[in-house]
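Undergrad: Sequence isn't available, so here's the structure alone:
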């Protein structure tokens, strides 16, 4: 199902509010938030659900023994997971970046560590390089900002990645 820009913006506001609520309820812990990278107006489909399941499984394995809380939301605007860990922010971000960089579908995961002020911690803050584009070696933000690749190219790459993963 296609979503509207208003739905997307509202979901971001709701996600931010949920993050703030979890930060307020867990001031001595670290919040890790997962979303799935799915370009275009359809955020919930077979490929995003397979990706979300793989991301969640990887997070549970990698944060094992440090998880205080885990909740998920399967919305038309996309899948979300919220994990509270006893790890400090830097260690949690190192794990998140490692998952994104090493999992076969990791390039489709957006795993943020949310700092107490509500701002996501950057990869740079833990010595990690910027994420690479799905299709070329450029910084992903460069290609997104400049719309370097078509939606069709991106969706075909995502389909290929997910199909290879499930086989």
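TA: Noted; the coordinates are in hand. Model, not experiment: these values are computed from the prediction.
Undergrad: Let's verify the residue most central in space within the chain: helix, strand, or coil?
TA: Centroid-nearest residue in the chain, with CA atoms, centre = their mean: residue 110, separated by 1.9 Å. Secondary structure state of residue 110, per DSSP: H, G, I helix; E, B strand; the rest coil, is strand.
Undergrad: What of the one 3 residues further on?
TA: With three-state DSSP as the basis, the three-state label of residue 113 is strand.
Undergrad: Counting neighbours, what do you get for it?
TA: 27 (other CB atoms under 10 Å). Glycine gets a C-beta too; all of them are placed from N, C-alpha and C.
Undergrad: Could you do residue 45 as well?
TA: For residue 45, using other CB under 10 Å, the count is 16.
Undergrad: which residues touch it?
TA: Each residue near residue 45 by CB atoms under 8 Å, 6 or more residues apart in numbering is listed here: residue 38.
Undergrad: Tell me the spacing between it and residue 102.
TA: Remark: distance between residue 45 and residue 102 (CB to CB, to the nearest Å) = 25 Å.
Undergrad: same question, residue 113
TA: Distance from residue 113 to residue 102, by CB to CB: 17 Å.
Undergrad: wait, isn't residue 104 in contact with residue 161?
TA: Yes: contact criterion CB atoms under 8 Å: residue 104 and residue 161 qualify, at 7.2 Å.
Undergrad: Look at the two and report which has more neighbours.
TA: Neighbour tally, residue 104 and residue 161, criterion other CB under 10 Å: the higher count belongs to residue 161, 19 against 12.
Undergrad: which one is that one nearest to, not counting chain neighbours?
TA: residue 105 (6.0 Å; CB to CB, 6 or more residues apart in numbering).
Undergrad: what's the neighbour count on the one you found?
TA: When neighbours are defined as other CB under 10 Å, residue 105 has 24 of them.
Undergrad: residues in contact with it?
TA: So residue 105 contacts 50, 51, 54, 55, 161, 162, 165 (CB under 8 Å, 6+ apart).
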